[in-house]
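[1] my questions are about this predicted structure, shown below with the sequence.
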Amino acid sequence: MIGVLVVDDHPMLRAGLAQLLQQADDITLIGLAADGAKGVELALDAHPDVVLMDLEMPGLDGIEATRRIRASCEHTQVVILTSFSDRARILDALDAGAAGYLLKDAEPDQLLRGIRAAAAGEAPLAPRAASELLAERHETRPASGLTPREREVLAMVAEGLPNKLIARRLEISEKTVKAHLTRIFERLGVSDRTQAALWAQRHRLGVGR
């Protein structure tokens, strides 16, 4: 049996997913969580095979929750289930350790196949998500190798914005901002925000460029 934990802040969606999962002969519902923090808590306690994780939730967001679960539960696979198919969110989710990325408009059978694929060690991706990743692969990246989300964060650092405001604008946690900054410093070969901001200004990096 594949043990599944559902993490989503919408009660109706949680109820619908629970009903769908309970109808599958090879899947057992481990639990339901209404936010990222509770999802992490349940995952660390129950060690499900697969976590269906929403992205936008109050408090701890899905990206940071995914990162924490993957750091502590080696055999638990996280599949993002969201309405967002933009490239930055997809890349952030995969960077955080998500095994797959599905959209909430998926057919029930597609969702069940995605859960089974993740449990088997595969990487289920919604067609739109796969298209975004292919586009990312074929586009020319800047010399620094920064991801689109890292470029957004760096541009805001260059504007002098603090982590708290960057997190609010991008709708991510401050810890996620700090994690992005750590990778940005490594890739640019700098040691602090001031040096990173100067790099961004020299390269005329701005949001959306």
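    Yep, that arrived.

[2] grab the nearest non-local neighbour of R67.
    Distance criterion CB to CB, 6 or more residues apart in numbering; nearest residue to R67, sequence neighbours excluded, is A96 at 4.3 Å. To be clear about C-beta, it is placed using only N, CA and C from the backbone, and glycine gets the same treatment.

[3] for the one you found, which residues are in contact?
    Taking CB atoms under 8 Å, 6 or more residues apart in numbering as the criterion, A96 is in contact with 63-64, 66-67, 70.

[4] so how far is D25 from it?
    Distance from A96 to D25, counting by CB to CB, to the nearest Å: 31 Å.

[5] how far away from the center of its chain is the helix or strand in which L29 is found?
    In this structure, L29 is located in strand 27-33 according to DSSP states H and E. With CA atoms, centre = their mean, to the nearest Å as the basis, strand 27-33 stands 20 Å off its chain's centre.

[6] tell me which stretches of this protein form strands.
    For the chain, applying DSSP state E gives strands covering 2-7, 27-33, 50-53, 77-82, 100-103.

[7] pick the most buried one from those strands.
    strand 50-53 (a mean of 29; mean count of other CB atoms under 10 Å).

[8] quick one: the residue nearest to R67 from L111, how far?
    When A96 is compared with L111 (using CB to CB), they lie 21 Å apart.

[9] residue boundaries of the helices in the chain?
    11-22, 36-46, 62-72, 87-95, 108-119, 127-138, 148-158, 163-170, 174-188, 193-202 (DSSP state H).

[10] among the ones you listed, which is nearest I2?
    In this view, the helices of the chain are compared for proximity to I2 by CB to CB, and helix 108-119 is the closest at 4.6 Å.

[11] chain center to the closest one: distance?
    Going by CA atoms, centre = their mean, where helix 108-119 is centred and where its chain is centred differ by 18 Å.

[12] and it, C-alpha only, in PDB?
    These are the backbone C-alpha positions of helix 108-119, laid out as PDB (Å, rounded to 0.1, in the frame of the first residue of the first chain):
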ATOM      1  CA  PRO A 108      -8.400  11.900 -11.100                       C
ATOM      2  CA  ASP A 109      -6.700   9.100 -13.000                       C
ATOM      3  CA  GLN A 110      -3.800  11.300 -13.800                       C
ATOM      4  CA  LEU A 111      -3.400  12.300 -10.200                       C
ATOM      5  CA  LEU A 112      -3.500   8.600  -9.000                       C
ATOM      6  CA  ARG A 113      -0.900   7.700 -11.700                       C
ATOM      7  CA  GLY A 114       1.300  10.500 -10.500                       C
ATOM      8  CA  ILE A 115       1.100   9.300  -6.900                       C
ATOM      9  CA  ARG A 116       2.000   5.700  -8.000                       C
ATOM     10  CA  ALA A 117       4.800   7.000 -10.200                       C
ATOM     11  CA  ALA A 118       6.300   9.100  -7.300                       C
ATOM     12  CA  ALA A 119       6.100   6.100  -5.000                       C
END
